[in-house]
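Show me the folded form of this:
(2 chains)
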Protein chains: 2
Amino acid sequence: MKEAIIEITSKRLGVTGVCNQGGHLVGVITDGDLRRALEKFNDLFHRTSAEVMTRNPKWIEKEALAAEAVQRMEEYSITSLFVFHHAGDKVPVGIIHLHDLLKAGVV
Amino acid sequence: MKEAIIEITSKRLGVTGVCNQGGHLVGVITDGDLRRALEKFNDLFHRTSAEVMTRNPKWIEKEALAAEAVQRMEEYSITSLFVFHHAGDKVPVGIIHLHDLLKAGVV
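Presented below is the predicted three-dimensional model:
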């Protein structure tokens, strides 16, 4: 978990993705997941990412309209989405934060 | 810290305020503050809220326009603001989340 925590801090988004060996996204660890893990485990640093992550994170296709990203964030009350090159390939090419959309004037 | 963590979870906003004995807001503990505290301390549960919180949290007056709240969140790249009855009294009457503003159609 130490590595995951350092990764979340370094990217400054409050979130990191968890991929399998094939590079496919299998989960997400957010600051909220860390908090819930703190409540659940008393040995957080000895837990694996798989034990802490939320499975099946929300995502959007690279070619989707930005307005659709906003709609999806609103629907799930989340502030970031993974971006996949193609729907279904689950290989993340980026992450989009609600603040990116605000700053771009989409919302 | 255990109490603070439970409070953050119970309110489902990823954040809790820290008030002094006079009921004046002196800090905020977000999920991000917890993560940074996890990196800094190896005995997080024995730390006080004052050691973990971010001082001088961002706020807005109750009578301010919602658009101003959005602008402030964008400026500071944050997703929630404390709401004070009067500027300067620092007695929180609520908290507003960027998702509240999205859902209300302000952005």
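
Quick check: pLDDT value at the residue nearest to A:Thr48 when sequence neighbours are not counted.
In this structure, A:Thr48 finds its nearest non-sequential neighbour in A:Met1, 7.5 Å apart by Cβ to Cβ, 6 or more residues apart in numbering or on different chains. (Glycine included, C-beta is placed from N, CA and C.) pLDDT, A:Met1: 89.

what's the neighbour count on A:Met1?
A:Met1 has 19 neighbouring residues, counting by other Cβ atoms under 10 Å in any protein chain shown.

try A:Leu34
By other Cβ under 10 Å, neighbour count at A:Leu34 equals 21.

For chain A, which segments count as strands?
For chain A, the strands defined by DSSP state E cover A:15-19, A:25-30, A:54-55, A:59-61, A:80-84, A:92-97.

Relative to chain B, how far out is the closest residue to A:Trp59 other than its chain neighbours?
Once flanking residues are discounted, A:Trp59 sits nearest to A:Phe82: 4.2 Å by Cβ to Cβ, 6+ apart. Using Cβ to the nearest Cβ, to the nearest Å, A:Phe82 is found at 18 Å from chain B.

so how far is A:Gly32 from A:Phe82?
As for A:Phe82, its distance to A:Gly32 is 16 Å (criterion: Cβ to Cβ, to the nearest Å).

So between the two, which is more surrounded?
Ranked by neighbour count (other Cβ under 10 Å), A:Phe82 and A:Gly32 place A:Gly32 first, with 22 against 19.

right, and the more buried one touches B:Gly14 too?
Yes: proximity of A:Gly32 to B:Gly14 meets the contact threshold set by Cβ atoms under 8 Å, at 5.5 Å.

Spell out which residues are contacts of both of these two.
Shared contacts of A:Gly32 and B:Gly14, defined by Cβ atoms under 8 Å, 6 or more residues apart in numbering or on different chains, are found at B:Asp31.

ok now do the residue in chain A that chain B sits nearest to, which residues does it touch?
Chain B sits closest to A:Asp31 of chain A, with a gap of 3.3 Å, by Cβ to the nearest Cβ. Going by Cβ under 8 Å, 6+ apart, A:Asp31 touches A:8, A:14-15, B:14, B:30-32, B:34-35.

do A:Ala50 as well
Each residue near A:Ala50 by Cβ under 8 Å, 6+ apart is listed here: A:18, A:26-27.

what bridges to A:Leu81?
Beta-bridge partners for A:Leu81, by DSSP bridges, are A:Ile96.

Now do the same for A:Arg55: its pLDDT.
Note for A:Arg55: predicted pLDDT of 96.

Just the helices from chain A, written as ranges.
In chain A, the helices defined using DSSP state H lie at A:2-11, A:31-40, A:49-52, A:66-76, A:98-103.
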